[in-house]
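*Asks:* Turn this into a model:
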Amino acid sequence: QVQLVESGGGLVQAGGSLRLSCAASGSISSVLIMGWYRQAPGKQRELVAAVSSGGDTNYAASVKGRFTISRDSAKNTVYLQMNSLKPEDTADYYCKLTTGWPNYGIEYWGKGTLVTVSS
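*Replies:* Numbers count the residues shown, from 1 in each chain. Model (predicted):
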């Protein structure tokens, strides 16, 4: 069993910063991708940023240049540094882990952490 625990959410004023963390624990053979998703009220869950085992990163257009994803492979932890936050960044932020070899493609989700950006 794999558990993902997010932390670092909270209330911040527009223009401020937050750093989210997601720590994975349990029976993890290898990690292919770790990423952050978000879901605002009444909207679908969307990809925010992801980082592969090789260090390749992918960002949603709406956060590119403001958010930075990073990963500590030794600790199976992924971070999301969020700068220049906007009210439209308000959402529940979820961490996702996708396994690599030998069981490719199994996905695990955290329970989420709430980010609220006030105007």
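*Asks:* Please report how far Trp101 lies from Phe67.
*Replies:* 29 Å (Cβ to Cβ, to the nearest Å). For the C-beta atoms, the positions are set from N, CA and C on the backbone; glycine is no exception.
*Asks:* out of the two, which sits in the busier spot?
*Replies:* Just comparing Trp101 and Phe67: by other Cβ atoms under 10 Å the higher neighbour count belongs to Phe67, 22 against 9.
*Asks:* and the more buried one, what does it touch?
*Replies:* Residues in contact with Phe67 (Cβ atoms under 8 Å, 6 or more residues apart in numbering) are 48-49, 59, 80-83.
*Asks:* try 7 Å
*Replies:* Counting by Cβ atoms under 7 Å, 6 or more residues apart in numbering, Phe67 touches 48-49, 59, 80-82.
*Asks:* Where does Cys95 fall, secondary structure wise?
*Replies:* Using DSSP states H and E, Cys95 falls within strand 91-99.
*Asks:* So the residue nearest the centre of the chain: helix, strand or coil?
*Replies:* Residue closest to the average C-alpha location in the chain (Cα atoms, centre = their mean): Trp36, at 2.3 Å. Following DSSP: H, G, I helix; E, B strand; the rest coil, Trp36 is assigned to strand.
*Asks:* Nearest spatial neighbour of it, chain-adjacent residues omitted?
*Replies:* Val48 (4.4 Å; Cβ to Cβ, 6 or more residues apart in numbering).
*Asks:* Check whether that neighbour really touches Lys64, as I assumed.
*Replies:* No: with contact defined as Cβ atoms under 7 Å, Val48 does not count as touching Lys64 (10.3 Å).
*Asks:* Compare these two and say which is more crowded by neighbours.
*Replies:* Val48 (23 against 12).
*Asks:* List the contacts of that one.
*Replies:* Val48 touches 36-38, 60, 63, 67, 80, counting by Cβ under 7 Å, 6+ apart.
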